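Engineer: quick one, structure for this:
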Amino acid sequence: MKQSSHRSISIQKFALIFLITALLTVSIGATKPVSAYSDDVWIIPETIDAGYYHTCAIKSNGTVACWGINDNGQSDPPANTFTSINAGGLHTCGIKSDGTLTCWGANLEGQATPPSGSFVQISAGYAHTCGIQSNGTIDCWGSDSYRQSSPPAGTFLHVSGGLSHTCGIKSDGTIACWGRNDNGAATPPAGTFIQVSSGFEYSCGIRSDGTLACWGRNAYGESTPPAGTFIQVSAFSEHTCGIQSNGILICWGRNNSGQATPPANTFTSINAGGLHTCGIKSDGTLACWGSNEYGQSVPPAGSYAPNVISAGGYHTCNRKSDGTLACWGWNEYGASTPPEGNFSQISTGKLHACGIRDDGTLACWGYNSDGQATPPAGIFTQISAGKYHTCGIQSNGILACWGRNDSGQATPPAGTFMQINAGDYHNCGIQSDGTVSCWGWNIEGNTNPPAGTFTQISAGYHTCGIKSDGSLACWGRNSDGQSTPPAGTFTEVSAGTDHTCGIKSDGSLACWGLDNAGQSDPPSVNFSYVSAGFQHSCGIYHNGSITCWGSNEYGQVLFHKLYVPLIIK
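Structural biologist: Numbering: from 1, shown residues only. Sure thing, here's the model as predicted:
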């Protein structure tokens with residue numbers, strides 16, 4: 001089944017309910033602010049953030065990588081796991097997995113000395129920092145020369161620190177700003193908003209109807225936003241970038257270093273820095289552009305945290321930003337009752353699921369007829385649950401499989417692997433050289449992969465993979481056309497039992513194969529992630545919200561939580 005190890009992100013509980021039509025339209029519609037910490041909404045926190053001359057991002061295992069200038073230690077993160085990260089002028093702050101804060105880098109004004117307590121959001125300005133505590137109130141520290149660290153009373157949903165001013169969205173959806181008010185930077189417009197981002201002497205926000213409003217300094221056009229509907233906006237120095245509802249990125253304002261000239265890709269996250277910009281593309285890879293004077297636009301190799309959801313046989317699981325898991329659907333064997341604790345990855349099989357804890361060890365739960373939910377000891381970097389067996393990549397790159405082995409599916413080959421995907425009775429993996437190796441049941445050719453190098457692989461009763469040129473190749477069972485992919489280039493593919501779904505390069509979703517329960521009939525909108533199960537599928541829109549379609553016999557489709565994006569800088 002579709003594994004989730006190369007697409008994992010933390011998802012954090014927060015406080016804003018969107019109308020259900022947002023799920024169907026992608027463009028953000030009207031909002032209804034509610035009391036601060038509803039159980040009905042989780043928000044995707046910031047996993048990449050561009051500071052003035054440095055950048056930090058949360059990797060798939062929860063640790064932080066930083067690059068760029070390091071004259072004040074702002075690019076030397078501590079060895080913790082994080083759920084959110086925010087880079088300021090010369091310092092960086094993050095929310096650790098336990099909800100507490102830690103900061104590093106320049107601390108002349110006390111901006112890197114956070115208070116104690118539990119926080120749900122953090123925003124680092126140039127020389128001050130603000131965060132929203134678990135009770136919804138704001139605490140700020142660092143420079144207060146213009147009262148930018150003196151927030152008003154009340155509860156807030158979102159806060160963003162600029163150069164010498166700060167803005168936040170209050171519980172009623174209106175914006176409050178405080179601090180330096182040159183050019184009107186601390187005088188926000190009326191109306192309700194779903195996101196705000198503060199730059200040096202200006203701010204931009206997304207209104208409840210998805211349109212943009214900017215106010216304050218406009219020397220380079222940074223406060224003159226384009227028309228259209230947006231799902232994210234990021235302002236920093238003198239340029240601004242926003243992701244439109246179709247996933248396409250637009251930047252405006254100063255462009256002396258190319259910071260406002262983004263690549264032609266679809267994005268799920270964007271963050272504007274001083275003279276550079278970084279974002280997470282729809283395929284989960286990082287892209288940076290603009291000034292590279294200090295290496296801030298050259299991210300290190302690694303897997304960074306994109307959106308994830310894993311659809312199993314009759315249940316679905318997702319990882320929240322506090323590291324805990326949420327599962328829904330059939331629960332007769334406990335497959336939808338995940339263990340407590342923090343996890344970095346999750347993968348669902350037919351009636352069981354497995355996850356990688358933050359310390360790299362495994363936990364499995366649910367149906368255990370053949371030992372598929374009894375994992376070995378050791379440290380793992382990837383996990384994939386099949387029908388009645390499970391496979392994982394250990395920290396040395398070697399595979400381990402356990403559970404049913406009647407077709408050899410739990411007897412992996414030697415060698416090191418970059419990716420593994422467990423199907424119903426067979427497995428396929430991408431080896432270190434990019435070629436594919438498959439083993440297990442081969443009655444319909446599903447372990448006979450084509451030659452060539454691949455970037456992603458997914459196994460069901462059949463197998464599909466994305467080749468290095470972006471085209472798809474499928475092999476194995478084809479009774480319902482599930483192994484006959486459409487033409488075009490793809491960024492994501494997921495093979496279910498008898499159907500397949502893939503995300504094209506333009507962000508649109510295509511599904512093919514068996515459609516007896518509507519599992520191959522997705523909404524006609526753009527997606528950043530997809531997971532095909534037995535008779536249902538789930539996907540994540542570019543705005544971070546989740547939708548599922550197909551069979552709902554056990555509640556595996558009727559997902560009532562809404563995920564919305566949050567980009568802070």
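
Engineer: got phi/psi on the residue in the chain sticking out farthest from the centre?
Structural biologist: Distance from the C-alpha centroid of the chain peaks at residue 443, with 37.2 Å (C-alpha atoms, centre = their mean). When read as degrees, to the nearest 10, the backbone of residue 443 gives phi -60, psi -30.

Engineer: how much space separates it from residue 422?
Structural biologist: Look at residue 443 and residue 422: by C-beta to C-beta, to the nearest Å, they are 17 Å apart. (Each C-beta comes from the backbone N, C-alpha and C, glycine too.)

Engineer: also residue 523?
Structural biologist: Here residue 523 is placed at a distance of 28 Å from residue 422 (C-beta to C-beta).

Engineer: now for the residue lying closest to residue 462 once chain neighbours are set aside: which residues touch it?
Structural biologist: Leaving aside its sequence neighbours, residue 462 sits nearest to residue 476 (C-beta to C-beta, 6 or more residues apart in numbering; 3.5 Å). Neighbouring residues of residue 476 by C-beta atoms under 8 Å, 6 or more residues apart in numbering: 426, 444, 445, 446, 447, 448, 461, 462, 463, 483.

Engineer: please give me every residue in contact with residue 198.
Structural biologist: With C-beta under 8 Å, 6+ apart, residue 198 has these contacts: 123, 125, 160, 161, 162, 165, 166, 167, 177, 185, 235.

Engineer: tell me the pLDDT of the residue nearest to the last one when sequence neighbours are not counted.
Structural biologist: If the residues on either side of it in the chain are set aside, residue 235 comes closest to residue 199, at 3.6 Å by C-beta to C-beta, 6+ apart. Residue 199 carries a pLDDT value of 89.

Engineer: partners of residue 193 in the sheet?
Structural biologist: Counting by DSSP bridges, residue 193 forms beta bridges with residue 207.

Engineer: please apply the same query to the one 4 residues further on.
Structural biologist: Following DSSP bridges, residue 197 is listed with bridge partners residue 204.

Engineer: and if you look at residue 526?
Structural biologist: On the basis of DSSP bridges, residue 526 takes part in beta bridges with residue 508.

Engineer: got a pLDDT number for it?
Structural biologist: For residue 526, the pLDDT comes out at 77.

Engineer: what sits against it?
Structural biologist: By C-beta under 8 Å, 6+ apart, the neighbours of residue 526 are 26, 245, 246, 247, 266, 506, 507, 508, 509, 541, 542.

Engineer: next one: residue 446
Structural biologist: Residues in contact with residue 446 (C-beta under 8 Å, 6+ apart) are 423, 426, 438, 459, 461, 462, 463, 475, 476, 477.

Engineer: one more pass at 10 Å, please.
Structural biologist: Listed by C-beta atoms under 10 Å, 6 or more residues apart in numbering, the contact partners of residue 446 are 423-428, 438, 440, 459-463, 474-478, 483, 495.

Engineer: same deal with residue 313?
Structural biologist: 1, 329-330, 335, 348-352, 366-367, 385, 387, 424, 496-497, 533-536, 554, 556.

Engineer: same question for residue 129.
Structural biologist: 86, 88, 91-93, 101, 103, 109-115, 122-123, 139-143, 149, 159, 161, 166 are the contacts of residue 129 under C-beta under 10 Å, 6+ apart.

Engineer: hmm, back to that, farthest pair within the contacts of residue 198?
Structural biologist: Greatest spacing in those, by C-beta to C-beta: 123 and 185 (15.2 Å).

Engineer: so those two - more neighbours on which side?
Structural biologist: More crowded of residue 123 and residue 185, by other C-beta atoms under 10 Å: residue 123, with 30 against 27.

Engineer: need the next SSE after the helix or strand hosting the more buried one, C-terminal direction.
Structural biologist: With secondary structure defined by DSSP states H and E, residue 123 is part of strand 119-124. Note on strand 119-124: by DSSP H and E, the next helix or strand toward the C-terminus is strand 128-133.

Engineer: restricting to C-alpha, output that next one in CSV.
Structural biologist: Coordinates of the C-alpha atoms in strand 128-133 are reproduced here as CSV (Å, rounded to 0.1, in the frame of the first residue of the first chain):
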residue,chain,number,x,y,z
HIS,A,128,12.6,40.6,18.8
THR,A,129,10.5,37.5,19.0
CYS,A,130,6.8,36.8,19.7
GLY,A,131,4.9,33.6,20.3
ILE,A,132,1.4,32.5,21.0
GLN,A,133,1.1,30.5,24.2
